[in-house]
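Enquirer: Quick one, fold the following:
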Amino acid sequence: MKNYNITRRQFLRASALGLGGVIMAACAPSLTSTTAPTEVQATATTAAQPTATTAALLAGGKSARGFVEPPFLAERVKAGKLPPIDERLPAETFVVGPDTLIQEQYGAWKNGQYGGDINIAATWGTGFLNIAQSSTILRSPSQSTKASRPNVVSAYKVSDDYTSYTLTLRKGLKWSDGEPVSTEDVRFVFEDLYGDPGMNYGWDGALYTDGNSALGPAKLTIQDENTFTLTFSQPYGAFIASLNSWIPGYDMLIRPAHYLKKFHAKYAKKEDLDALLKANNETDWTKLLNSKNVAHWDMGEIRALGMPCLNAWVLVEATDTRRVFERNPYFWHVDSDGLQLPYIDRVVNNLAIDSNGTLNAIMSGKVDLAGGNNIALSQMPTLVQTASQFNRKIFTTGSFNFPIMLFLNHDFEYDKADSVWQKLITDADNRFGKALAAAMDPQEVNKSVFFGKFGKPMMNATGPDLALANKLLDELGFDKRGSDGLRLGPDGNPFIFRISFYTIEAPEETPISELLKEQIQKAGLHVELDVIDSALWYQRASDNSLMASLKWNDGEAWSTGISEDYLPAHKGPWSPMTWLYFSSNGKNGRKPPQYIQDFYDLHTARKAYPPESEKGLEIYNKLFQWMSDHYVMIPTVGHQVKPNSVNAKLQNLPNEGAPFDLDVYINAEGYWYAS
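Expert: Coordinates of the predicted model:
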């Protein structure tokens with residue numbers, strides 16, 4: 001019998017895994033893709049299966065326009081409760097196939113068949129459907145923005161100087177309740193939401209020229225019921241990324257005016273609005289409207305029931321424990337056989353209390369699709385144990401996110417005279433950041449927490465080089481020690497390097513933080529780990545009281561423009577007060593010192609060009625180098641590898657080793673169950 005002794009490194013991993021997972025990890029095989037056998041145990045929750053094969057449906061004939069009615073909707077059509085498919089779809093549909101949802105090299109496409117449910121167990125109502133909405137204004141594969149195929153629109157034109165964008169909505173496009181989509185839905189957003197000060201409804205940041213509020217928002221011009229133009233005050237090529245990105249989504253520009261006008265005093269009859277206020281226990285119509293005007297991120301919230309959308313699936317049932325989404329009868333995506341997407345009829349979210357509840361549901365075979373931040377690599381040995389039992393396929397991909405980063409707040413104590421921190425963080429040679437990076441050991445974190453499966457060290461993570469760390473700290477004035485053997489600050493007083501974080505988002509933060517403390521203290525700095533709840537963390541981030549913090553971000557998608565959470569107050573706060581100054585046009589916050597102004601100049605210059613253009617990428621690379629050189633963030637480990645657990649019968653999945661975990665969700669409208 002073998003003995004499995006638990007080392008200190010395995011113990012650190014235990015806080016993420018649980019002790020049983022550690023014991024298995026000690027003898028775990030190499031983590032490669034695992035496909036379960038076809039039989040399903042009776043205790044598993046299996047998804048509803050396809051109702052009819054494509055061959056059988058095609059044999060029954062197509063509609064006059066060449067489409068195939070989903071059996072899930074056939075009874076409603078027969079009963080006259082729903083128009084037939086030819087009347088539901090716009091004049092020009094969006095055809096999905098290879099290289100449409102994700103690149104062909106990362107996942108082959110095969111036309112599918114109708115039917116079935118995808119069961120999930122997310123901790124919030126929307127689950128993955130904010131990512132899998134499929135209804136961005138333009139569409140590029142995966143997390144890219146270059147292809148920019150018309151999606152909600154049928155055509156668009158960008159001026160040569162990138163100051164104007166003319167967009168034409170698809171003729172005959174309908175909201176999920178069957179009402180037509182028109183430029184009135186755009187006008188309402190610009191004039192009655194953004195443009196009405198009484199609504200207190202802030203502009204989407206992407207609609208400001210170059211994302212800068214000082215330059216003003218886009219000017220809307222309506223040509224006709226389908227065509228409108230957005231004009232910016234100076235070149236704004238990066239807006240093309242916002243039109244592609246699932247983060248702002250279509251509702252940045254378009255919302256169902258016919259529905260929202262019911263809650264707006266300008267349009268609703270007083271007696272009708274009074275009745276709605278009473279029914280919703282509200283006295284202020286603006287608050288009621290803002291509550292009913294649900295963003296795509298929250299389309300799984302109970303208050304979203306009844307709100308029309310353009311998404312692939314629509315919320316039809318919402319309780320405290322369960323959310324059910326059904327296929328949108330008016331969704332305009334089809335495959336080359338004429339089948340209307342999505343292939344899957346329903347997404348059922350049986351809500352989990354917390355991340356452990358999600359993991360338990362996956363382990364017990366009750367989840368058909370789990371990826372992204374739902375599973376950590378440290379949990380993979382545990383998942384493998386039940387994959388065969390519940391007919392699950394487990395495979396790994398890259399990540400949309402950078403790993404946990406150590407953020408250094410360049411604004412901390414900026415208004416305090418003789419601040420030791422400010423002297424360190426504004427050092428012209430960035431020696432404090434260099435010293436921390438030299439003391440850190442990303443390879444140790446990789447081996448101890450992630451089985452050595454993460455990528456090579458990245459960005460400015462150059463350690464371990466303890467000799468260099470000690471040399472730099474000595475030069476900065478940390479050359480004296482206290483009675484505890486730790487370094488005194490340059491002012492001769494005890495110096496505490498405080499790292500604040502919360503653990504609800506990433507179970508690995510605790511073992512990573514312990515290793516980080518151990519590594520940095522080897523260089524003689526006194527490190528204090530400040531573990532707080534998420535609400536307090538965000539409060540301190542907002543009021544500039546965090547010295548340093550641990551947080552992930554969307555770094556793998558920065559270059560394409562899908563995300564810009566490298567900004568100084570967007571994930572880990574590395575300069576929240578200069579961001580306040582920048583975003584308030586100098587009315588609040590801290591005027592950036594020149595070296596941080598250099599960052600804002602690069603960020604603004606980048607916005608003039610499409611992110612994946614030659615010029616856009618050139619400026620982005622300079623921007624990324626600035627962040628690296630100034631140590632605003634330091635990776636604790638290399639590029640992430642993420643596990644995904646899916647029903648083994650699902651088709652059109654990304655390949656093992658595909659670059660983005662979120663593509664497991666982006667691709668969802670194209671999934672179908674093999675019979």
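
Enquirer: Could you measure from Arg431 over to Thr358?
Expert: Using CB to CB, to the nearest Å, Arg431 is found at 43 Å from Thr358. Where C-beta positions appear, they are placed from N, C-alpha and C, glycine not excepted.

Enquirer: Likewise for Ser534?
Expert: In terms of CB to CB, Ser534 sits 17 Å off from Thr358.

Enquirer: out of these two, which sits in the more crowded spot?
Expert: Thr358 (22 against 12; other CB atoms under 10 Å).

Enquirer: Identify each buried residue in the helix or strand hosting that one, please.
Expert: Per DSSP states H and E, Thr358 falls inside helix 355-363. By neighbour count with 16 or more other CB atoms under 10 Å, helix 355-363 contains the buried residues Ser355, Thr358, Leu359, Ala361, Ile362, Met363.

Enquirer: swap in stretch 341-354?
Expert: Buried, per 16+ other CB under 10 Å, within stretch 341-354: Leu341, Pro342, Tyr343, Ile344, Asp345, Arg346, Val347, Val348, Asn349, Asn350, Leu351, Ala352.

Enquirer: which residues does the residue lying closest to the first one once chain neighbours are set aside contact?
Expert: The reference is to Leu341. Excluding the flanking residues, the one nearest Leu341 by CB to CB, 6 or more residues apart in numbering is His333, at 4.1 Å. With CB atoms under 8 Å, 6 or more residues apart in numbering as the criterion, the residues that contact His333 are Thr93, Phe94, Val95, Val96, Ser134, Ala312, Gln340, Leu341, Pro342, Glu669.

Enquirer: quick one, phi psi at the residue lying farthest from the centre of the chain?
Expert: For the chain, the largest distance from the centre (CA atoms, centre = their mean) belongs to Ser483, which lies 46.8 Å off. Backbone geometry at Ser483, expressed as degrees, to the nearest 10, gives phi -60, psi -20.

Enquirer: mind checking how far it is from Asn652?
Expert: In terms of CB to CB, Ser483 sits 64 Å off from Asn652.

Enquirer: again, but for Ala265
Expert: 47 Å.

Enquirer: Which of these two has more residues huddled nearby?
Expert: Asn652 (20 against 13).

Enquirer: burial count for the residue nearest to the more buried one when sequence neighbours are not counted?
Expert: In this structure, Asn652 finds its nearest non-sequential neighbour in Gly670, 4.6 Å apart by CB to CB, 6+ apart. Counted with other CB under 10 Å, residues neighbouring Gly670 total 27.

Enquirer: so what's Gly670 up against?
Expert: Counting by CB under 8 Å, 6+ apart, Gly670 has contacts Val96, Leu101, Trp109, Gly112, Leu341, Pro342, Tyr343, Asn652.

Enquirer: can you check Trp246 too?
Expert: Asn130, Ile131, Gln133, Thr136, Ile562, Ile666.

Enquirer: picking up where we left off before, looking at pLDDT only, which of the buried residues of helix 355-363 scores worst?
Expert: pLDDT across the buried residues of helix 355-363 is lowest for Ser355, at 83.

Enquirer: And the next helix or strand past the lengthiest helix in the chain?
Expert: Longest helix in the chain by number of residues, with DSSP state H as the criterion: helix 614-629. Remark: after helix 614-629, the chain's next helix or strand is strand 633-635, criterion DSSP H and E.

Enquirer: Could you pull up the mean pLDDT of the helix or strand just after that next one?
Expert: Next along the chain after strand 633-635, taking DSSP H and E as the criterion, comes strand 642-647. Averaged over strand 642-647, pLDDT sits at 93.

Enquirer: do stretch 289-297 as well
Expert: 94.

Enquirer: One more: stretch 656-675?
Expert: 95.

Enquirer: Please apply the same query to stretch 562-580.
Expert: 95.

Enquirer: check contacts around Val186.
Expert: Applying CB under 8 Å, 6+ apart, the residues contacting Val186 are Leu220, Ile222, Phe228, Leu253, Ile254.

Enquirer: quick one: pLDDT of the last one?
Expert: To tie it back to what came earlier, the one meant is Ile254. 98.

Enquirer: Against Leu173, how distant is it?
Expert: 10 Å.

Enquirer: Identify the contacts common to the two.
Expert: Val152, Val181, Leu310.

Enquirer: Would you confirm that the first one contacts Leu169?
Expert: Yes: in this structure, Val152 is within contact of Leu169 by CB atoms under 8 Å, at 6.8 Å.

Enquirer: These two: who's more crowded?
Expert: Between Val152 and Leu169, Leu169 has the larger neighbour count (other CB under 10 Å), namely 25 against 22.

Enquirer: Report the spatially closest residue to Leu525, excluding sequence-adjacent ones.
Expert: Phe497 (5.1 Å).

Enquirer: One more: Tyr201?
Expert: Leu193 (4.7 Å).

Enquirer: measure the one you found to Pro654 for me?
Expert: From Leu193 to Pro654 the distance is 36 Å (CB to CB).

Enquirer: Tell me which of the two has more neighbours.
Expert: Pro654 (27 against 19).

Enquirer: and the closest residue to that one other than its chain neighbours, how many neighbours?
Expert: Once flanking residues are discounted, Pro654 sits nearest to Gly107: 4.2 Å by CB to CB, 6+ apart. For Gly107, the count of nearby residues is 22 (other CB under 10 Å).
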